[in-house]
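> Sequence and predicted structure, then a few things I'm wondering about:
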Amino acid sequence: MAARDALAHSEPILTQILTDVLAHSPNLRLALLTECGRTVHNATANVLFKTFLLPDDDQAVNPVVRNPARYATRIKTLIVVDPPRQHESSTLFELEETEGEDQVARPLSGRRVRDILEKCDTMEELIWASSVPPPDGICEVFTTHVPHLKRFSFAPTSVPPDNIPPLKWDALSLTVLPPLAYLRLVRLSQAGASALASHPPDVQHLDLDFVWLDDWVCERLARIPRLKRITLGTGGTKLTDRGVGALVEGCEALEVLELVEVQGRLSKSLWSNVVLSPTLHTLKIALSESGPHHSWTADHLLSLPLLVGLDQLTRLSITRTYNGHGQIDDVAIAKPVPRDLVDALRECTKVQHLECDWWAWGIDDLKELVEGCVHLQTLRITLDAPFARLLSLTSSFAHLTRLTHLYVSVLSTHAPSAPPSPVLQTPGVSPLGLVNGYGIGVGVGGIMIGSPTSSPLSLTRSLKSPAKLVISVPLPESESPVASPVVGAGNTNEVLLDNTVHDAVVPPLRDVRKFMRRCPKLVLLEWFGRTGRGAWVAHREDAKSVAGIKVEYQPSCADEGTTWPVSSFLGVAPRPDAEWTGPEAEAAAEAVREYETERDGEIEREKEAKRKVSAAGRKRGATVSSGVVVPEACGLVGNGKPRRRQSSASEGLGKPKVPASPGNGRRNGARRSP
């Protein structure tokens, strides 16, 4: 009996041991579950069910669905996904009796979802990646049964067919959402946006991406007292300068602001009218280069040099997202970096991580930048010059004593030949990873599963060769290095494989080695993007002198044999028993109605004010057109004759008229030009 009690109390230690065992030998899982006794079974279940992928399929049979009381209590992270297609296996725990069934998948009923969640009393994170929204009252379940929940994400990953619009979530129960550290919401309906705004959630990191994101929603969100990080994305045109300004200036604790694929209607003067709060240290703006974009989407970037507080930032990112080799949208064509932006960034002496590949940097502009931003640790730019010209700035980069990572993309005009192999499109991108039999791209605790990795040094790029040789990039500092042969250690860029590919635009390794050795802490120099050619890694960990630093050239290649499971799209099947009823639901609906009434009233008042201004302008225009003579300062024009006042579109509506003169006309026109 004493031995049995001791074994039971050792379950946490056994769980830690089996975590390492199963990581190295996953095939042992069934034996450990079925053949080694209850204590080992429980410890093994703790490991296997800690992060669980739940297919959103009412016909799926797995331990969590069948016996939530026994297995759901072990879940820390639950990921709800669309079921795999019929010819694929579902999860590691899918039972054989489901094989051979050829039925159209239906989502889990609302009752079954609630039964599972009510048993997840230790769950810390829920990621809803299914294309069918969760039951309406799911947030009430969080409040009553999931006390340890810290992160919630509603972000479907399946891409709907062109002729089927994705389902949007009304999310009425957001009004009773408990305090969280992280909340991500996409595909909210207009009603869902109203529910979010009627009771702003108590969160620290808020990530939103839906069409109905507008100024009124942002003004309500600015009331969140604990909000430290906000990520916005919208394909709609409802968001203007007013909404962004409300967030930046209203969130007193805000530290990070990210605008990712924001279309909206942001003006050219946006950043000149915004003052950053003293707590904000990171600003990120990202747009895809493939689009499609509205013609004005990137106009607001022109006012960045006028941003008050730009020099207080430690992280600044204005980047493009690379999506293959398709056509570049007209808005995203790389233009020369504006002169005033170079001057402004040069004064940002506190910036440590600078990503600015939206514009093309000339050699002289880049030299000014690195000589001004002396504390840079990470730099990412698009170079308007051959890659070899970068190496001519050795003396300038040598003064960056903290620089560890340098990412450079080169315009196609300077690298006209096609890369010899598939390239790494964005710094740090790795193939999709599998979790419990799935290849998905959703976040777990702020880290993406099946998505670009957070560190480019954690990549394992496979080189094209008959032998499928894989060479791992060493991991310095915090990550454990993987032993690999030093490739290209001579004075050329030859890779020690049978089929060596020579590329004329890649500089000799001796030149790159000289550049990297002169930079005191540089460990990675990567040529990424459409013309990307790979990376150079400096091995400093064992070097006793600068001359002993080895530099490895790592070509960018993709594994041609890698395939990933593809999930079904369930977005046309409604979820049974998904309605939310009861007193809390009625109170939430009333709160949404009150918010919408207040919002609509404000919209009408603004429209009425605009109509009055417009009517006043038309009245003055009619007076001018009737032939009223307006004298000059001396009563006469240059030829001594009275001058007739003409209506001018360059004059602001609602402003008093001034005597017209050629000089005044030009100034007014310049002031009103878009």
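Nice, thanks for sending it over.

> residues near the closest residue to L239 other than its chain neighbours, how many?
Of all residues not flanking L239 in the chain, G264 sits nearest, at 3.6 Å (C-beta to C-beta, 6 or more residues apart in numbering). C-beta coordinates here come from the backbone N, C-alpha and C atoms, glycine included. Using other C-beta atoms under 10 Å, G264 is surrounded by 26 other residues.

> what does L196 give?
L196 sits with 27 neighbouring residues when counted by other C-beta under 10 Å.

> can you check H199 too?
Residues near H199, counting by other C-beta under 10 Å: 16.

> now swap in the one 4 residues further on and tell me
Using other C-beta under 10 Å, V203 has 25 other residues around it.

> how much space between it and Y71?
Using C-beta to C-beta, to the nearest Å, V203 is found at 29 Å from Y71.

> And for V217?
Look at V217 and Y71: by C-beta to C-beta, they are 39 Å apart.

> between these two, who's got more neighbours?
Each of V217 and Y71 has its neighbours counted (other C-beta under 10 Å); V217 has more, 26 against 21.

> Figure out the helix or strand that that one lives in.
helix 215-221 (DSSP states H and E).

> any idea which helix or strand comes after that helix?
Following helix 215-221 in sequence order, the next helix or strand is strand 229-234 (DSSP H and E).

> downstream neighbour of that following strand in the secondary structure list?
As assigned by DSSP H and E, the chain's next helix or strand after strand 229-234 is helix 241-250.

> circling back: quick one: residues in contact with the helix holding V217.
Helix 215-221 is contacted by residues 193, 196-198, 200, 206, 227, 230, 238-240, 242-244, 246-247, 250-251, 595, 599, 602 when judged by C-beta atoms under 8 Å, 6 or more residues apart in numbering.

> Which entries within the residues you listed meet the buried criterion?
Among those, those classed as buried by 16 or more other C-beta atoms under 10 Å are 193, 196-198, 200, 206, 227, 230, 238-240, 243-244, 246-247, 250-251, 595, 599.

> In the protein, spot the helix with the most residues.
When the chain is parsed with DSSP state H, its longest helix is helix 583-625.

> pLDDT weak spots in the stretch 1-150 of the chain?
1-9, 85-104 (pLDDT under 70).

> Burial check on E541, number of neighbours?
E541: 12 neighbours (other C-beta under 10 Å).

> distance of it from H502?
The value you get for E541 to H502, if C-beta to C-beta is used, is 30 Å.

> Next: G582.
Taking C-beta to C-beta, one finds G582 at 71 Å from H502.

> ditto for T234
To H502, T234 is 46 Å away according to C-beta to C-beta.

> Check which helix or strand V132 maps to.
V132 belongs to no helix or strand, assigned by DSSP H and E.

> can I assume W580 is in contact with S173?
Yes - in this structure, W580 is within contact of S173 by C-beta atoms under 8 Å, at 5.7 Å.

> shaky segments in the stretch 551-674 of the chain?
557-572, 621-674.

> show me where pLDDT drops low in the stretch 301-450 of the chain?
For the stretch 301-450 of the chain, the ranges with pLDDT under 70 are 325, 418, 420-450.

> and if we set it to 50?
Applying pLDDT under 50 to the stretch 301-450 of the chain flags residues 424, 429-450.

> Helices of that one, start to end?
Assigned by DSSP state H, counting those that start in this stretch, the stretch 301-450 of the chain shows helices spanning 339-346, 363-372, 387-390, 394-397.

> Make CSV from these and add distance to T378 and mean neighbour count to it.
What follows is those, written out as CSV (distance: least, C-beta to C-beta, whole Å; neighbours: other C-beta atoms under 10 Å):
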stretch, distance to T378, mean neighbour count
helix 339-346, 14, 16
helix 363-372, 12, 18
helix 387-390, 16, 19
helix 394-397, 13, 16
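
> other SSEs contacting the helix or strand hosting I285?
Per DSSP H and E, I285 falls inside strand 282-288. Applying 3 or more C-beta pairs under 8 Å, 6 or more residues apart in numbering; DSSP states H and E, one finds that strand 282-288 contacts strand 256-262, strand 315-321, strand 353-361.

> Quick one: these as CSV, columns for distance to S396 and mean neighbour count too.
Output for those, formatted as CSV (distance: least, C-beta to C-beta, whole Å; neighbours: other C-beta under 10 Å):
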stretch, distance to S396, mean neighbour count
strand 256-262, 30, 19
strand 315-321, 19, 20
strand 353-361, 13, 21
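
> Now render those strands as CSV, adding distance to N273.
Below are the helices and strands packed on strand 282-288 laid out as CSV (distance: least, C-beta to C-beta, whole Å):
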stretch, distance to N273
strand 256-262, 15
strand 315-321, 18
strand 353-361, 21
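
> what's the closest of those to P134?
strand 256-262 (23.4 Å; C-beta to C-beta).

> Quick check: beta-bridge partners of the residue nearest the centre of the chain?
Geometric centre of the chain, nearest residue: V260, 5.9 Å, by C-alpha atoms, centre = their mean. Following DSSP bridges, V260 is listed with bridge partners A286.

> Need the per-residue pLDDT for it.
Per-residue confidence at V260 stands at 97 (pLDDT).

> do S158 as well
For S158, the predicted pLDDT is 82.

> and the gap between it and L126?
18 Å.

> the more surrounded of those two?
Taking neighbours as other C-beta under 10 Å, S158 and L126 compare with L126 leading, 23 against 18.
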